[in-house]
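# Take this sequence and fold it.
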Amino acid sequence: MALSFPAGVRVSLRRRLPEGGYGDVIGVVLGWDDEVARLEKRDGTVVEVDPATVVAAKQVPPPPERRR
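Numbering: from 1, shown residues only. Reported below is the predicted structural model:
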């Protein structure tokens, strides 16, 4: 699946996992090219995904504000 999203966009993506099955990641795109997609999750961790493993992706709205 040939996809790309610009930096700063929040996306949800589904990828094939090496051990089989699928995994989802939601985060803000830090960078996306043919080699790697980097997303920053809500907790600040950065996830690197091989774009060749992405089977579905879409832009999503910002997260709701946390209640206190």
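
# Parallel or antiparallel, which strands does the strand ranked longest in the chain pair with?
Determined from DSSP state E, the single longest strand within the chain is strand 22-32. When pairing is defined by DSSP bridges, strand 22-32 lines up against strand 10-16 (antiparallel), strand 37-40 (antiparallel).

# Using the neighbour-count criterion, name the buried positions in that strand.
Val25, Gly27, Val28, Val29, Trp32 (16 or more other Cβ atoms under 10 Å). Quick note: C-beta positions are derived from backbone N, CA and C, even for glycine.

# what's near enough to touch the last one?
Meaning Trp32. Leu3, Ser4, Phe5, Pro6, Ala7, Arg38, Pro51 (Cβ atoms under 8 Å, 6 or more residues apart in numbering).

# give me the number of residues near Val11?
Per other Cβ atoms under 10 Å, the neighbour tally for Val11 reads 19.
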